[in-house]
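S.K.: 3D, please:
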Amino acid sequence: MRNRLLLMQTKSCVVGIAGGTASGKTSLTRTLKQFLGEQPTSPRVDMLSVDAFFHANKTLGPTFVSPTSGEELFNFNHPDAIDQQKLLASIASQVTAEGSPTILLVEGLMVLHIPEVRAMLDVRVFVELEADKRALRRLLRDMKGGRGSTDPEWIATYYLESARVGHDLFIEPSRVHADFIIRGDADFSRLVPLLAAAIESTI
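M.R.: Numbers count the residues shown, from 1 in each chain. Just a heads-up that it's a prediction; the model follows:
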């Protein structure tokens, strides 16, 4: 409640964009940010990725033992993997600071799952995509590097043992809180103007 009262004192519109791994939520967020920034009114739009708030010290977050390898691994697909207090403080500070953005886009797996984050949102979006498509997208993406192992067997195993489990437990149920549900393989060039109009109507 305190966070929500704080945000009510600002003019920023906070938009939450959630969805499963490799569903297309980051692509949607970037496309939306670019489109909004190109409008004649030129609202200031900032983007915040929840991925930046995973615990740096992995001993502070949840782990699981891989049934396949017996290795203890950090569970990125659990809400406790996120430093939630730091995330909440960052959202609040961005929208209450002098020169705060007109629109703040908050993107991440658990955006609609965590009640305290959800309460700070003016618009809630869920990006949906079938599990097999998300798994293939994730495999191709991670094999290019930048997200840990590039070994396809390791990527597939982690998806099955962590990402799929977390999706079923936390992410998929959170879609009930969405104002808009968007396909992750849709034509964003057609959908984004409609979504942008809905967002701007709340300002």
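S.K.: any idea which helix or strand carries Val15?
M.R.: strand 13-19 (DSSP states H and E).
S.K.: now do Gly148
M.R.: Per DSSP H and E: nothing holds Gly148, as it lies in no helix or strand.
S.K.: what residue is smack in the middle of the protein?
M.R.: Gly108 (1.3 Å; Cα atoms, centre = their mean).
S.K.: Now that one: phi and psi?
M.R.: phi 170, psi 170 (degrees, to the nearest 10).
S.K.: Can you give me the pLDDT of the residue nearest to it when sequence neighbours are not counted?
M.R.: The shortest distance from Gly108 to any non-neighbouring residue, by Cβ to Cβ, 6 or more residues apart in numbering, is to Val50 (2.5 Å). For the C-beta atoms, the positions are set from N, CA and C on the backbone; glycine is no exception. pLDDT recorded at Val50 is 97.
S.K.: returning to that earlier point: what pairs with the strand holding Val15, parallel or antiparallel?
M.R.: Paired with strand 13-19 in the same sheet, following DSSP bridges, are strand 103-107 (parallel), strand 123-128 (parallel).
S.K.: Just the residues contacting the helix or strand just after it, thanks.
M.R.: Next along the chain after strand 13-19, taking DSSP H and E as the criterion, comes helix 25-37. The set of residues external to helix 25-37 that reach it, using Cβ atoms under 8 Å, 6 or more residues apart in numbering, is 15, 17-19, 43, 45, 47, 49, 103, 105, 107-108, 125, 127, 182, 184, 188-189, 192-193, 195-196, 199-200.
S.K.: Any of those buried? List them.
M.R.: By neighbour count, with 16 or more other Cβ atoms under 10 Å, those hold 15, 17-19, 45, 47, 103, 105, 107-108, 125, 127, 182, 184, 188, 192, 195-196, 199 as buried.
S.K.: follow-up on the earlier one: which residues touch the residue nearest to the centre of the chain?
M.R.: Gly108 makes contacts with 17-18, 25, 49-51, 82, as judged by Cβ under 8 Å, 6+ apart.
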